[in-house]
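Engineer: next comes the sequence, and after it the predicted model I'd like to discuss.
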Amino acid sequence: MGARFAGQDAANRAFLRGDGWVMVVGGLTPQAIAFGFFTILTLGGACGVVLNKNLVRGAVWLIVSLFGIAGMFVLLSAPFLAAVQVMVYIGAIGILFTFAVMLTRSMTNLRQRFTAQWWSALIVVGMLFVFLMVSVIVPVWGGVAPELAGEVVATTTDLGAALVDGNQFVLPFEVASLLLTAAMIGAIVIARQHEEE
Amino acid sequence: MVPLWMYLAVAAALFCLGTYTVLSRKNAVAVLMGVELMLNAVNLNLVAFWRFQSPLNMAGQAFTAFVLVVAAAEAAVGLAIIISMYRSRRSVTVDDVDMLRW
Amino acid sequence: MDCINQLAQCLNQGGMDAGLAQFISIFLGVVLVATFPLLVTILLIWVERKFAARIQDRIGPNRVGPFGLLQPIADVVKLLGKENITPTGADKPIYNLAPPFMVAAVLLVWAVMPLTPYHFGVDLEIGALYVITVASIGTLAVMMAGWASNNKYALLGAFRVVAQLISYEVPLAMAVLIPVMLAGSMSLQGIVKAQYGMWFVFAAPISAILFFISSQAETGRAPFDLLEAESELVAGFNIEYSGMKFAMFFAGEFMHVFTNGVLMAVFFTGGWIGPFVEQLPWLGLIYLLGKASIWYTISLWVRNSVPRLRIDQMMDFNWKFLVPMSILNVLVIAFLLQVIKQVGLTPIDPGNFIQNLPQTVVLLLGNVFVGYVMLSWVRSKGRQARAADEAKKMTAATVHAVGD
C-alpha cells in the first residue's frame, strides 16, 4: 500500500470506529464546515424574518432558521432534540404560522413593516449584542481551549430514563403535558367562531 | 471542534434579531415569529452549555425539551388570540389594538 | 462501510488526496442510496396502472413494449416535453421549491432504511423518530404548493390536505412506538434485528393495522384520497403544476406509497430477515423488497376497491376512533410488557422462536382486548346514532300524521 498517506490505516480504523471524518479541506474540519453552513441558515433565516415584506416568505424564512437550529443540535450530539425540533417546530408551528398568515390576510407587500421606534430598537439591540459578546461571552469562555468535557455523552436512552425517573424530571414532564392540554383547549376556545351570540 | 463561544455567539445574535423583530415590527404575527426566534436562541444556548460543561447530566436536554413544549403551547395560544383579534377588529397591526373596550 | 473504505483506498492509491477520496466515495454511496427508490418508482408506475386496470376489468397499458413495460418511459418523455407554465401572480421561489421538497421528504427516509444486514445509508440511533419527522416535511411542501399557486381552489385543497396530514401523524407516531418498545431501540437496524425470534406483526397486529391505515392516509391513497380526488377537485393543491414539476409530485406520491410498504416490512414483518441471509446478505434485499411488494399490493388492492371518504368522515375517523385506539394500544402493550417482565416470561434470547412464544401470546391477547373494546365502543355509538335517527323519524312521522 505504500506510504502515500501515512495515517491511512489509522484513518480507516478511525472511520470504521465511527470516530468521524479524517478529511480536512483547507484547514477546516467537516464539523467547522457544517457549523458554518448551519450558522448561515440560522442567521440568514432570522434576517429574513426581520426584514421581509411578504409575511408568507417570512414564515418560510422562519422555517429555514429553525432548520438551522436543528442542524446545530445535531452537531452538539443531541439528535433526539434535533428530530423533535424539526417535528414540532417545522412540522407543526411553522404550518401554524403559515395558516395564521393566510387567515389574517396581512401578507403581501406590507407597506409599513416597522413601527416608528425602529431606530431606537436597533440601537438598543445592537448595544445588547455588543455587550453580550464583549463582556460576557468572550471573556468567560473565549480563552478556553476548544475541547469538550470528555467523549462520553449521555444518549437518548438516558434522556428517556430521566424524563420518567422519580428523582429527576417526571414532575415537569407531567406538568408539561397538562400545559399542552390547557393550551390546546384554550386555543380552540379562543379561536372558535361564536355562532350563539 | 467548534469552540463553545462560537455557539454562544450565534445564540446571542439570534436572540438579538428576535428581540429586534418583537420591538420593531407592526404585524402581530411577525412579532410572534420574533418570540419564536428568541426561544430558539435560548434552546441553542442550553444545549451548547449542556454539551460542553456537563454532557452526562440530562438536565440540559430535559430543560430544552420543556422550553420547546412551552414555546409550542405559547405559539398556539398566541396565534389563536391573533385570529380572534382579526375577527373582531379586522386588523392585526399591533398599533391598532390600543383600546380595551369601546 | 467496507465498500466505502475500499473505494476510498482505491482512489487514494490512484493518487487522490485521502480526504477527497473519502468524500467522493461517501458521495457515491449517497447517490446510490438515493437513486434506488427513484428507479423503483419507474417500475411502480407500470405496476400501479396494470393492477388498477385488471381490478377494473380492463387490460391497462399494453402498447408500449411487451406488456406495456415501457409505458413509464413514455410517461416520463411526455411530462418532460410539456411546457412549464407558471401562473401569474404566483410566488415564484416558493412555487418552484415545493415539488423538490415533496420528493425530498420521501427520499430522506431511504437514508435510514436497512436494506441488508450490512448495507444501509446510515444507522441513526433515532431512526424511527427520524422517519416520522421527515414525513412532516412533506406537509410543508403541500402548504407551499397550495399557497404559491395563487389559486383559491388550490389553497382550499391545500388547507384540507394539511389538516388531514397533520391529523394522521398522531396515530402514525403512536403506532411506530410499539415496535420501538418491543425492540428496545429506535434504530431501524435494531428493530429488524429484534425480529429474529418473532415478527412484530404477530405480537402487535393492531399496531400494524394502525400504521397501515395511517400511512395510507398520509400519502393520500384511497379511501383517503380526497386530496387529489381526480374526479372531483381536478387535482387539488397541484392544479397549477404541469410538466416536470407535476411529474415530481406524481413520482413522489408513488415513491411514498412504496416507501410505506417498505416501512411496514421493516417495522412489522422483519425487514431483511429470511432463510440464508447470514451467508448471502444480498438475499436480505430480495426479502425486503418481496415483503414490501406484498404490503404495496394490499395497498393497491384497497385503493382500487373502496369508495372515497368525505373530509368530515375522515376527521371523525381519525380523532374519534384511531387516536383513542392508538392511545389504548400503547397503554395496554406497555403495561403488558412490564407484567411479562415481572412474571419472567421475557425471552432471554430474543432470537429464539420458542422462547418468544409466551410473550407473543400475551401481547396478542392484549391486542385482541384492545380491538374488542374499541369495536364495541364504536358499535354502541353506532347503535345510539341509529336509535336517535329512528326517534327523529318517528317524531317526524307522528307530526306528519297529526298535521294531516
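Structural biologist: Thanks, I have the structure now.
Engineer: confidence score at C:I206?
Structural biologist: Looking at C:I206, its pLDDT stands at 92.
Engineer: distance check, the residue lying closest to it once chain neighbours are set aside against chain B.
Structural biologist: Nearest residue to C:I206, sequence neighbours excluded (CB to CB, 6 or more residues apart in numbering or on different chains): C:N367, at 4.6 Å. Any C-beta I mention is one placed from the backbone N, CA and C, and that applies to glycine too. Using CB to the nearest CB, to the nearest Å, C:N367 is found at 31 Å from chain B.
Engineer: ignoring the adjacent residues along the chain, who's closest to residue 42?
Structural biologist: No chain was given, so I picked chain A. According to CB to CB, 6+ apart, the nearest residue to A:T42 is A:G68 (3.3 Å).
Engineer: that's the wrong chain, I meant chain C
Structural biologist: Nearest residue to C:I42, sequence neighbours excluded (CB to CB, 6+ apart): C:P72, at 4.7 Å.
Engineer: could you look up the SS state of that neighbour?
Structural biologist: helix (DSSP: H, G, I helix; E, B strand; the rest coil).
Engineer: what segments of the stretch 1-150 of chain C are helices?
Structural biologist: C:2-13, C:18-55, C:71-81, C:92-107, C:127-148 (DSSP state H, counting those that start in this stretch).
Engineer: mean neighbour count for those - can I get that in JSON lines?
Structural biologist: Listed next are the helices of the stretch 1-150 of chain C as JSON lines, based on neighbours: other CB atoms under 10 Å in any protein chain shown:
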{"stretch": "helix C:2-13", "mean neighbour count": "17"}
{"stretch": "helix C:18-55", "mean neighbour count": "17"}
{"stretch": "helix C:71-81", "mean neighbour count": "15"}
{"stretch": "helix C:92-107", "mean neighbour count": "20"}
{"stretch": "helix C:127-148", "mean neighbour count": "25"}
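Engineer: quick one, helices of the stretch 151-300 of chain C?
Structural biologist: C:152-183, C:188-193, C:200-203, C:205-219, C:244-268, C:282-305.
Engineer: counting by contacts, list what the second one packs against.
Structural biologist: Helices and strands in packing contact with helix C:188-193 are listed as helix C:127-148, helix C:152-183, helix C:244-268; criterion 3 or more CB pairs under 8 Å, 6 or more residues apart in numbering or on different chains; DSSP states H and E.
Engineer: give me the buried positions along the longest one.
Structural biologist: Read it as helix C:152-183. Residues of helix C:152-183 classed as buried: C:153-155, C:157-183 (neighbour count, 16 or more other CB atoms under 10 Å in any protein chain shown).
Engineer: does any part of it sit near chain B?
Structural biologist: No. Helix C:152-183 is not in contact with chain B by CB under 8 Å from any CB of the partner chain; minimum separation 12.6 Å.
Engineer: closest residue of the stretch 251-400 of chain C to chain A?
Structural biologist: The stretch 251-400 of chain C approaches chain A most closely through C:A334 (11.1 Å), counting by CB to the nearest CB.
Engineer: so what's that residue up against?
Structural biologist: C:M181 (CB atoms under 8 Å, 6 or more residues apart in numbering or on different chains).
Engineer: the strand or helix carrying it - what's its average pLDDT?
Structural biologist: Assigned by DSSP states H and E, C:A334 belongs to helix C:323-343. Mean pLDDT, computed over helix C:323-343, is 91.
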